[in-house]
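1. Coordinates only, no sequence provided:
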């Protein structure tokens, strides 16, 4: 059972290779440099986030969430992408993890799995369930979430900050299942 207190949604999380640092307004240019590639958004629900003005709205939503991170390669200091905690629900002891993207140089290198492991290991000190909204067309992210052991539990139209609502699949992973996986 998770501890019954409120988590800090922007701690510094790190492994030997990766670091999650609380997203700051001054990070916009570095993060946008990664996000400006149209192929990054090819399967995401909002495919035009590579455009500066659209990404600016996405970034503002990340800042407003109070749980966003830039993902950094510790060996180079390069920003690899962005992710966040959001939708903390004390009543049902759950939180969402998502709005994740990485530049193509990070694809297929285990970055997403390692980052999600850091996030889940941390957040399961406070919650019993982590949910993920994954775009209905985002097969790449659906497969990645499945590798974490998350199960599809619903389909839901999700309202995005400053963007059109989109159909998402909801995946969930419970603390007990995560702990028994031993990742």
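-> It's in. It should be emphasised that the depicted structure is a prediction, and the values quoted were computed from it without experimental measurement.
2. any weak-confidence spans in this protein?
-> By pLDDT under 70, the weakly predicted segments of the chain are 1-4, 182-183.
3. where do the helices sit along it?
-> 28-35, 52-65, 111-123, 139-147, 175-181 (DSSP state H).
4. Most tightly packed of those helices?
-> Stretch with highest mean neighbour count among the helices of the chain: helix 111-123 (a mean of 20; mean count of other C-beta atoms under 10 Å). Glycine gets a C-beta too; all of them are placed from N, C-alpha and C.
5. list the helices and strands that helix packs on?
-> strand 13-14, strand 18-22, strand 79-89, strand 94-102, strand 129-135, helix 139-147 (3 or more C-beta pairs under 8 Å, 6 or more residues apart in numbering; DSSP states H and E).
6. Quick check: bridge partners of residue 154?
-> residue 170 (DSSP bridges).
7. ok so, going back, CSV please, covering the helices and strands packed on helix 111-123 and showing distance to residue 32.
-> Converted to CSV, these look like this (distance: least, C-beta to C-beta, whole Å):
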stretch, distance to residue 32
strand 13-14, 22
strand 18-22, 16
strand 79-89, 10
strand 94-102, 11
strand 129-135, 21
helix 139-147, 20
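8. so which of those comes closest to residue 45?
-> strand 129-135 (3.7 Å; C-beta to C-beta).
9. angle of that closest one against helix 139-147?
-> If you take axes from the mean of the first three to the mean of the last three C-alpha atoms, to 10 degrees, strand 129-135 sits at 160 degrees to helix 139-147.
10. Please report how far residue 113 lies from residue 32.
-> Separation of residue 113 from residue 32 (C-beta to C-beta, to the nearest Å): 25 Å.
11. Then residue 118?
-> Residue 118 is 23 Å from residue 32, by C-beta to C-beta.
12. Residue 96 and residue 133 touch, don't they?
-> Yes: Residue 96 is within contact range of residue 133, at 6.5 Å (criterion: C-beta atoms under 8 Å).
13. Tell me which of the helices and strands packed on helix 111-123 sits nearest to residue 153.
-> strand 129-135 (7.9 Å).
14. how far off strand 79-89 does that closest one point, in degrees?
-> Orientation check (the same axes, to 10 degrees): strand 129-135 against strand 79-89 gives 120 degrees.
15. residues contacting residue 119?
-> Contacts for residue 119 (C-beta atoms under 8 Å, 6 or more residues apart in numbering) come out as 13, 20, 83, 85, 97, 130.
16. same question but for residue 138, I mixed them up
-> Listed by C-beta under 8 Å, 6+ apart, the contact set of residue 138 reads 43-45.
17. Just the buried subset of the residues you listed, written out for ChimeraX, thanks.
-> To isolate the buried members of the contacts of residue 138 in ChimeraX, using 16 or more other C-beta atoms under 10 Å:
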select :44,45
